[in-house]
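> test case, fold it:
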Amino acid sequence: MTATAPGGVVLAARGVHVAYGAHRVLDGIDLDVRGGELVALVGPNGAGKSTLLGVLAGEPHPDAGRVLLDGVDVRDLPLTDLARQRAVMLQEVRVSFPFRVREVVAMGRHPWRGTPQEADDDAVVDRALVAADVVPLADRTFPTLSGGERARAAFARVLAQDGRVLLLDEPTAALDVRHQEAVLARARAAAGDGCAVVVVLHDLTLAAAYADRVVVLAGGRVAADGPPRAVLTSALLTEVYGHPLEVVPRAGTDEVVILPVRRPRPVGDPAPSAHHGADQPADHPADHPAAAAARPCEVVP
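Model (predicted):
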């Protein structure tokens, strides 16, 4: 990948506001992303994470404020130049025709057509297939893939684009544990090579493990921005998510595991029945508050 000098600000948001009608999605966001850094965007549903990632990528444009790539407003950059510098993985990847996986990954090379880098297309695609663990899927058509396989193919396409800025929107959401770790390890390696990486994540433990910085969004604003151990505290997360969360250190490491606080089910209690009304107090319907209070494994409010 073409990287930049570690430590320099590559991508910046300045006073970014985005609204959909009367609903303000982003409200005065300031953010710097440096080369050699992996930044995780976390926060509850509707906090503005995916919108911010899109704005950083250049679409949509903010209603107010600017996004700068190497100090240049992204609105002033030709689309081909922008595509050569930053690669974007969206939450949903749709391919309308039955392209084979290798063809889909090779689409990431499109911005480099007509340049000397085009000669590297085959080698770059091969490396991306290996890095995303989709070599066994290379000859499969995209519509035949599972959700997780599609996500890995989309990640390979992003890697093949060979940008120095990677913008990944929930790249691990559809993946099994092994591939979650592999994708984030590869994103971490890209940052180690000098790339600027921004990842939207819901798994706070993964954010703590792989990010250099965590930016917590709430209500379209930055609630916290800093190193994971400084930002991911029980008090802040409980406030932001509206549910008690516990940050548990892993013995013998500097890592943490972040867990929701639940009312424990007594040992030997049966699991809640899937049948409506089953295991409910006889004098209360299933949706009665008293019945809800009696359910085992109930989340502590």
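
> can you pull out the helices in the stretch 151-300 of the chain?
Under the criterion DSSP state H, counting those that start in this stretch, the stretch 151-300 of the chain contains helices at 177-192, 204-210, 228-231, 234-241, 289-294.

> out of these, nearest to L56?
In terms of Cβ to Cβ, the element of these nearest to L56 is helix 177-192, at 15.2 Å. All C-beta atoms are positioned from the backbone trio N, CA, C, and that covers glycine.

> the helix or strand where L11 lies packs against which elements?
According to DSSP states H and E, L11 maps onto strand 9-20. Applying 3 or more Cβ pairs under 8 Å, 6 or more residues apart in numbering; DSSP states H and E, one finds that strand 9-20 contacts strand 23-34, helix 49-57, strand 64-69, strand 196-200.

> one more time with 6 Å
Other elements packing on strand 9-20 under the criterion 3 or more Cβ pairs under 6 Å, 6 or more residues apart in numbering; DSSP states H and E are strand 23-34, helix 49-57, strand 64-69.

> out of the helices of the stretch 151-300 of the chain, which one sits most buried?
Burial of the helices of the stretch 151-300 of the chain is given as mean neighbour count (mean count of other Cβ atoms under 10 Å); helix 204-210 ranks first at a mean of 22.

> circling back: just send the helices of the stretch 151-300 of the chain back as TSV, with mean pLDDT too.
As requested, the helices of the stretch 151-300 of the chain are arranged in TSV below (pLDDT from 0 to 100):
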stretch	mean pLDDT
helix 177-192	98
helix 204-210	98
helix 228-231	94
helix 234-241	98
helix 289-294	40
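
> where does the stretch 101-250 of the chain dip in pLDDT?
By pLDDT under 70, the stretch 101-250 of the chain has no low-scoring segment.

> so which of the helices and strands packed on strand 9-20 is nearest T80?
Here strand 64-69 is closest among these (Cβ to Cβ), at 13.7 Å.

> what's downstream of the closest one, the next helix or strand?
Counting by DSSP H and E, what follows strand 64-69 is strand 72-73.

> for that next one, which strands pair with it and how are they oriented?
Under the criterion DSSP bridges, strand 72-73 sits next to strand 64-69 (antiparallel) in its sheet.

> and the partner strand, how far out from the chain's middle?
Counting by Cα atoms, centre = their mean, to the nearest Å, strand 64-69 is centred 21 Å from the centre of its parent chain.

> A224 contacts T233, correct?
No. In this structure, A224 is not within contact of T233 by Cβ atoms under 6 Å, at 8.6 Å.

> between those two, which is the more surrounded one?
A224 (18 against 15; other Cβ atoms under 10 Å).
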